[in-house]
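Student: Got a sequence here, can you model it:
(chains A, B, C and D)
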Number of protein chains: 2
Amino acid sequence: MSYSYKYARPAVTADCVVFGLDEEDLKVLLIQRGINPFKGQWALPGGFARVGEALEETARRELEEETGLTEVFLEQLYTFSDPKRDPREHVVTVAYYALVKLSDHKVHAATDARNAAWFGVEDIPPLAFDHDLILKTAHERLRGKIRYQPIGFELLPQRFPLRMLQAVYEKILDRSLDKRNFRKKILGMGVLDELEEIETDVSHRAARLYRFNKKKYDRMAKRGFNFEI
Amino acid sequence: MSYSYKYARPAVTADCVVFGLDEEDLKVLLIQRGINPFKGQWALPGGFARVGEALEETARRELEEETGLTEVFLEQLYTFSDPKRDPREHVVTVAYYALVKLSDHKVHAATDARNAAWFGVEDIPPLAFDHDLILKTAHERLRGKIRYQPIGFELLPQRFPLRMLQAVYEKILDRSLDKRNFRKKILGMGVLDELEEIETDVSHRAARLYRFNKKKYDRMAKRGFNFEI
DNA sequence: CCTCTTAGTGTTATATTGACACCATGATAG
DNA sequence: CTATCATGGTGTCAATATAACACTAAGAGG
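Tutor: Reported below is the predicted structural model:
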């Protein structure tokens, strides 16, 4: 069985740059390719678009097939179309970036790729195709985006202490922030719910927990509020 | 002659949202479709990707074929992939937006489309496909982008008075700006060359002309200068 | 009870923004 | 040649936002 078209068509894929955050680092999820080209090399999760499927669906489907991740925050990044980016033929890839709560999700490498693993963004192995370029683009976008949109929450558990949120910003922006100013700013945005609960299982004074409130955020965003950190 | 693939592929196109600016309005360049579907309706210039051609090339080629425009400022906007966006089949389109100096370019409708015309952004006829969505997305991006990157120059002649530049910002942001604050801000960025020349053919006091200096801009950008208006 | 770690909190100097009004210049009309 | 009209070009000040800075409180662990 095959499909014929009057004119030649590039293939279309979707690839995902999945960011996660642990105690130490901003991390990226990579898979080890099981097939050629670049067999055995690390690459971004992704795969070919099916006809009738929006590319965001492609991205989510491949992400689940290859890494087991579902229901992540996902946004389109950029479309890479250099005809030489795949040695086999012209493949256009629509890249997405995802933010996941490492705490919630344990990653199960599934069918397609036995080997999925997290790598610190400063410690990435050589990647297949132009995936290093895609990763670099995603990292820049993330740095740019977090400065004016509160997406840091997507990397944290639902309930988190402010210290953790500040750590997200510091790791992504790669500079330290003043605690008092950060708290003033982030609470001043009015998008966090202060919860009754406090941390448990910490060997020092427990911090209050907060929760991101999307409704409040949408309301502020509609008024053109500036979320710049 | 036809091309066969093992798996079905969506078609790939590139479309352009071309912005221009005249004395009154921010304008968009549309073409009237000569063929079905949507024959006779207005649409964004664009067309099918060729294998071996990066999509930005596709966008530039189609733009020239359909409107005669060349060497415009062009940036990728977003990729639209809803499988129903084209009634014929699944067509993924990579949208670009372009900024052109209306003063320089006279638009010659060329081969593909006899009818290319400028429309005020507030006065757009019904468009083919999902082009209204693409146009809306581009307009939002332009508004967002001009606030923190000096791209307004791309819509003006090489040499322009500050009044014109302010008008660009006012038309895109759709609000009026204070003349003194605007001049302070834009000159403070240090990306404009003050020329010896002044306007001619005006029936009032002639204004000094300025020129955008890309080298200065790149130097400032490298230092992380904030170009926010 | 002492120590250690992190939580939580305000003030001040500085920089940025936004509001605001007048004289200068040159073309045109009477 | 004088008046009028349109636009060019300029500085100050108040309000706001930002950035720098240090201590006490709570709770766990030895």
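Student: Now for the residue in chain A that DNA strand D sits nearest to, how many residues are close by?
Tutor: In chain A, the residue that lies nearest DNA strand D is A:Arg205 (3.1 Å; Cβ to the nearest atom of the strand). Heads up, the C-betas are built off the backbone N, CA and C, glycines and all. A:Arg205 has 7 neighbours, counted by other Cβ atoms under 10 Å in any protein chain shown.
Student: Likewise for A:Trp42?
Tutor: With other Cβ under 10 Å as criterion, A:Trp42 counts 20.
Student: does it really touch A:Leu30, like I thought?
Tutor: Yes. Contact between A:Trp42 and A:Leu30 holds when scored by Cβ atoms under 8 Å: they sit 4.4 Å apart.
Student: what touches both of those two?
Tutor: Common contacts of A:Trp42 and A:Leu30 (Cβ atoms under 8 Å, 6 or more residues apart in numbering or on different chains): A:119, A:124-125, A:127.
Student: Quick check: phi and psi at A:Lys39.
Tutor: Main-chain torsions, A:Lys39, degrees, to the nearest 10: phi -60, psi 130.
Student: what's the helix ranked longest in chain A packed up against?
Tutor: When secondary structure is assigned using DSSP state H, the longest helix within chain A turns out to be helix A:131-146. Counting contacts by 3 or more Cβ pairs under 8 Å, 6 or more residues apart in numbering or on different chains; DSSP states H and E, helix A:131-146 packs against strand A:11-21, strand A:73-80, strand A:91-99, helix A:162-173.
Student: What's the per-residue pLDDT of the residue sitting nearest the centre point of chain A here?
Tutor: What sits nearest the mean C-alpha location of chain A, by Cα atoms, centre = their mean, is A:Ala98, with 2.5 Å. pLDDT recorded at A:Ala98 is 98.
Student: again, but for A:Leu77
Tutor: Per-residue confidence (pLDDT) for A:Leu77: 98.
Student: residues near the residue lying closest to it once chain neighbours are set aside, how many?
Tutor: Spatial nearest neighbour of A:Leu77, excluding adjacent residues (Cβ to Cβ, 6 or more residues apart in numbering or on different chains): A:Ala95 at 4.3 Å. For A:Ala95, the count of nearby residues is 27 (other Cβ under 10 Å).
Student: anything in stretch A:142-159 near DNA strand D?
Tutor: No. On the criterion Cβ under 7 Å from any atom of the strand, stretch A:142-159 is out of touch with DNA strand D, staying 10.7 Å away.
Student: circling back to that earlier point, okay if I get the helices and strands packed on helix A:131-146 as CSV plus distance to DNA strand C?
Tutor: CSV is the format used below for those (distance: least, Cβ to the nearest atom of the strand, whole Å):
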stretch, distance to DNA strand C
strand A:11-21, 16
strand A:73-80, 24
strand A:91-99, 22
helix A:162-173, 3
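Student: would A:Asp193 count as being in a strand?
Tutor: Yes. Under DSSP: H, G, I helix; E, B strand; the rest coil, A:Asp193 sits within a strand.
Student: Now do the contacts for it.
Tutor: The contact partners of A:Asp193, by Cβ under 8 Å, 6+ apart, come to A:210-213, A:216.
Student: out of these, who's nearest A:Ile134?
Tutor: Set against A:Ile134, the nearest of the contacts of A:Asp193 by Cβ to Cβ is A:Phe212 (27.7 Å).
Student: pLDDT at the closest one, what is it?
Tutor: According to the model, A:Phe212 scores 96 on pLDDT.
Student: For A:Glu64, see how far away it is.
Tutor: Using Cβ to Cβ, to the nearest Å, A:Phe212 is found at 24 Å from A:Glu64.
Student: quick one: which of the two has more around it?
Tutor: In this view A:Phe212 and A:Glu64 are compared by other Cβ under 10 Å, and A:Phe212 has more residues nearby, 19 against 16.
Student: so who does the nearest residue to the more buried one once chain neighbours are set aside touch?
Tutor: Distances taken as Cβ to Cβ, 6+ apart place A:Phe153 nearest to A:Phe212, at 4.0 Å, with adjacent residues excluded. Going by Cβ under 8 Å, 6+ apart, A:Phe153 touches A:160, A:165, A:212.
Student: which residues touch the last one?
Tutor: Read it as A:Phe212. Contacts of A:Phe212 by Cβ under 8 Å, 6+ apart are A:150, A:153, A:158, A:191-193.
Student: hmm, back to that, let me have the shared contacts of A:Trp42 and A:Leu30 in a markdown table, adding pLDDT as columns.
Tutor: As requested, the shared contacts of A:Trp42 and A:Leu30 are exported to a markdown table (pLDDT from 0 to 100):
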| residue | pLDDT |
| --- | --- |
| A:Phe119 | 95 |
| A:Ile124 | 98 |
| A:Pro125 | 98 |
| A:Leu127 | 98 |
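Student: any chance of those residues in CSV, with secondary structure and neighbour count too?
Tutor: Converted to CSV, the shared contacts of A:Trp42 and A:Leu30 look like this (DSSP: H, G, I helix; E, B strand; the rest coil; neighbours: other Cβ atoms under 10 Å in any protein chain shown):
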residue, secondary structure, neighbour count
A:Phe119, strand, 16
A:Ile124, coil, 16
A:Pro125, coil, 12
A:Leu127, strand, 20
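Student: can you name the two of these that are farthest apart?
Tutor: A:Phe119 and A:Leu127, at 9.8 Å, using Cβ to Cβ across those.
Student: intersection of neighbour lists for those two?
Tutor: Joint contacts of A:Phe119 and A:Leu127 (Cβ under 8 Å, 6+ apart) are A:30, A:42.
Student: Quick one, grab the pLDDT at A:Arg223.
Tutor: We note a pLDDT of 84 for A:Arg223 in this prediction.
Student: Hmm, A:Val92 is touching A:Phe80, no?
Tutor: Yes. With contact defined as Cβ under 8 Å, A:Val92 counts as touching A:Phe80 (7.3 Å).
Student: quick one, which of the two is more surrounded?
Tutor: A:Val92 (26 against 23).
Student: list the contacts for that one?
Tutor: Applying Cβ under 8 Å, 6+ apart to A:Val92 gives the contacts A:10-13, A:79-81, B:12, B:49, B:55, B:92, B:94.
Student: Mind doing that once more with 10 Å?
Tutor: By Cβ atoms under 10 Å, 6 or more residues apart in numbering or on different chains, the contact list for A:Val92 reads A:9-13, A:49, A:79-83, A:85-86, B:10, B:12, B:49, B:51, B:54-55, B:79, B:92, B:94.
Student: now it, which residues is it bridged with?
Tutor: Taking DSSP bridges, one obtains A:Val12 as the residues bridged to A:Val92.
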